[in-house]
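A.B. asks: Need a 3D model of the sequence below.
(chains A and B)
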Amino acid sequence: MEQPQRAVDRRQTMILFKDVSKVYGNGVTAINNLSLRIYKDEFVFLMGASGAGKSTLIKLLMKEEDPTSGKISVNSRDLSMIRRGAVQRYRRQIGVVFQDFRLLEHKTVFGNVAFAMEIMGKSRKDINEKVEASLSLMGLSKKADEYPRNLSGGEQQRVALARAIVNSPRILIADEPTGNLDPANAEQIMYLLELINSQGTTVIVATHAQEMARKMGRRILYLDHGTRNDNMSSGGGGAEEAMAAGDRVNISSAFGEFAANVQEEEYSGLFTEDNSVSDEGGK
Amino acid sequence: MNKLRAFFYILKLSLENLVKNWHMLLASVFVLFTGMYIMGSLVLTSNSISGILSEQAEHPEVEIICRSALSDDDALKVYRAILSDERVSRAHMNTKADNFAKMKETFKGYEDIFQYEDADSNLLYVSFDITLKSASALENFSADMRKVYGVEEVQDNDSIYKYFRAISNFIRMGSIVALVVLGFLSILLTVNTIRLTVVARKKELRIMRDLGASYAFMRGPFIAEGVTIGLLSAVISFFAVRGTYNYVAKLMQRTDSVLRDIIKLKPFSEYSHGLILSFILAGLAIGLIASMFAIRKYINTERDDDK
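C.D. replies: As a prediction, the model looks like this:
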């Protein structure tokens, strides 16, 4: 009798949750026996109603919280084995942007982006080069000397994105990145996230913008009361299968003029030097 | 190289914070300075009194004054009695003429009072300056001497030294209490100053944490801030205590009081090294403790496994 041929997925796993649960001190179960796998270079949307567990999942990934049970590994590294002193070094592999941008009001656009490198003790030359490239990619070169209060919401989020990628992270987590933006700015941000992903960064976007997520044609993971809802999650046979590139909408053409202005070669340049943040954090 | 750059960056951030919160910096430095100044003054006062007491303990001195009517022979008998006493280490006899000369010296500029016809050395008395072998013998020796024929008065300053001893003990106790109270107050105020900066920079800290800044890097500016407050207070306190000490020493020199002979303050240079070192160590300790307390809640909240 002929055995059914099983497709062997040879892609490298970046994030793996295995039977993960998180119960907070007040008894609330935020994540309930969740298992999922996100591949290297993948772009994944994380969706679900408020309280579904998206934020907790991000906190677990950032190692702000530890799971009550189960295992989480990132880039083949068991997070439970990361010592306290190494947590910050681990975080350097992850870029993060938030709905409220979290920019420093007293620093200029350049200063905000440079801050991410300054805290790691990078050289001024290195900082200048990378920050300029990062701002140029985000279309913010002319705004380098502006303060956040003088920028639109979309521009502020682009600054946050520039800061998140300036250290060339392996993973980029965006928590409701378009929540405070109008549709045009939201599309710009999504385009930039797509661009960042195209250079090899795994991108996870937690969002309520269902229509936009579907439009982008990337895998969507639905969370419902801390567990995965496979009936709603997209990606063919299940969450562990990403959509083929050909199935996607051509995002560049969808985002029109803004996309045309972005110089992709500069973005590539940002990553050619050192696309992997070492565990030693640039030491 | 990264570490060196990070060090200077931390230093820059801490200085920026201090300039930004200059009013709180002043408040902290003032409180810490007050604490150190009071402590420093108490310690120096206590040390000076201890110096006087130890001087007295090493060389207990007694002055015996004879009656002015006492004949020279009787005065010599008293002198022999003193010299034969085993408790006596040294004794010096001041004749009436010696004491008259001393008196003239004391009243230099007021020679008119010696113009009277009968103003001569016979008005005065024979006295003895005696150094005893041990301070413990002082009380009994004085009592015995008072019984000797021809002795008018025995001045052993014992009551004064008892008074000094009481003050010294009081200051010692006070210093300990002050150390605890002022130390606690200083830490409390410095904690609050730094905590204000921490709260003001809470957002920045959160961003730093998300970006992967090391805990040392996040704590660094606040610790540097605490240490700067401590060191600044130490230096200011040192100069303030020095100024006060020198001023008091000058006052003591000028005074005509008997205290001038008893209280001989040592030059400040004898204390300066110990004092500045103590102030710096205290400033560093208070700054470090205060900054660690201030940031503990905000930077050390994560429950990371320490495996």
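A.B. asks: what about A:Leu46, helix or strand, and which?
C.D. replies: Under the criterion of DSSP states H and E, A:Leu46 resides in strand A:43-47.
A.B. asks: gap between the two ends of stretch A:81-96?
C.D. replies: End-to-end span of stretch A:81-96 (Cα to Cα, to the nearest Å): 22 Å.
A.B. asks: in that stretch, what's buried?
C.D. replies: For stretch A:81-96, a neighbour-count test (16 or more other Cβ atoms under 10 Å in any protein chain shown) marks A:Ile82, A:Ala86, A:Val87, A:Gln88, A:Arg89, A:Tyr90, A:Arg91, A:Arg92, A:Gln93, A:Ile94, A:Gly95, A:Val96 as buried. Where you see a C-beta, it was placed from the backbone N, CA and C, and this is true even at glycine.
A.B. asks: Quick one: mean pLDDT over that stretch.
C.D. replies: Per-residue pLDDT over stretch A:81-96 has a mean of 89.
A.B. asks: What are the boundaries of the strands in the stretch 51-200 of chain B?
C.D. replies: For the stretch 51-200 of chain B, the strands defined by DSSP state E, counting those that start in this stretch cover B:61-66, B:88-94, B:127-132, B:151-155.
A.B. asks: So B:Lys266 lies in a strand, does it not?
C.D. replies: No: per DSSP: H, G, I helix; E, B strand; the rest coil, B:Lys266 lies outside any strand segment and is coil.
A.B. asks: In space, what's closest to it - neighbours in sequence excluded?
C.D. replies: B:Gly51 (6.3 Å; Cβ to Cβ, 6 or more residues apart in numbering or on different chains).
A.B. asks: What does the pLDDT read for that neighbour?
C.D. replies: In the prediction, the pLDDT value recorded for B:Gly51 is 74.
A.B. asks: how far away is it from B:Val62?
C.D. replies: From B:Gly51 across to B:Val62, the span is 20 Å (Cβ to Cβ, to the nearest Å).
A.B. asks: Centre-most residue in chain B?
C.D. replies: B:Leu44 (0.7 Å; Cα atoms, centre = their mean).
A.B. asks: tell me what the helix or strand encompassing that one is packed against?
C.D. replies: Using DSSP H and E, B:Leu44 falls within helix B:22-58. Applying 3 or more Cβ pairs under 8 Å, 6 or more residues apart in numbering or on different chains; DSSP states H and E, one finds that helix B:22-58 makes contact with helix B:158-200, helix B:215-254, helix B:269-299.
A.B. asks: Contacts for the strand holding A:Leu46 next, please.
C.D. replies: Residues outside strand A:43-47 that contact it (Cβ atoms under 8 Å, 6 or more residues apart in numbering or on different chains) are A:38, A:54, A:57-58, A:193-194, A:197, A:202-208, A:210, A:213, A:216, A:218-223, A:232.
A.B. asks: so what's A:Gln93 up against?
C.D. replies: Counting by Cβ under 8 Å, 6+ apart, A:Gln93 has contacts A:Val74, A:Asn75, A:Pro169, A:Arg170, A:Ile171, A:Val277, B:Gly212.
A.B. asks: Turn the helices and strands packed on helix B:22-58 into CSV, including mean pLDDT.
C.D. replies: What follows is the helices and strands packed on helix B:22-58, written out as CSV (pLDDT from 0 to 100):
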stretch, mean pLDDT
helix B:158-200, 80
helix B:215-254, 89
helix B:269-299, 87
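A.B. asks: out of these, nearest to chain A?
C.D. replies: Shortest distance between chain A and those, using Cβ to the nearest Cβ, is found for helix B:215-254: 5.7 Å.
A.B. asks: got the angle for that closest one vs helix B:269-299?
C.D. replies: In terms of direction (axes from the mean of the first three to the mean of the last three Cα atoms, to 10 degrees), helix B:215-254 departs from helix B:269-299 by 150 degrees.
A.B. asks: who does helix B:215-254 touch, helix- and strand-wise?
C.D. replies: By 3+ Cβ pairs under 8 Å, 6+ apart, helix B:215-254 packs against helix B:2-20, helix B:22-58, helix B:158-200, helix B:202-211, helix B:259-262, helix B:269-299.
A.B. asks: ok and that helix relative to helix B:202-211, angle-wise?
C.D. replies: Computed by the same axes, to 10 degrees, the angle separating helix B:215-254 from helix B:202-211 equals 140 degrees.
A.B. asks: which of the residues in helix B:215-254 are buried?
C.D. replies: By neighbour count with 16+ other Cβ under 10 Å, helix B:215-254 contains the buried residues B:215, B:217-238, B:240-242, B:245, B:248-249.
A.B. asks: swap in stretch A:102-111?
C.D. replies: For stretch A:102-111, burial by neighbour count (16+ other Cβ under 10 Å) applies to A:Arg102, A:Leu103, A:Leu104, A:Lys107, A:Thr108, A:Val109, A:Phe110, A:Gly111.
A.B. asks: Could you tell me the end-to-end distance of stretch B:84-103?
C.D. replies: Using Cα to Cα, the end-to-end distance of stretch B:84-103 comes to 29 Å.
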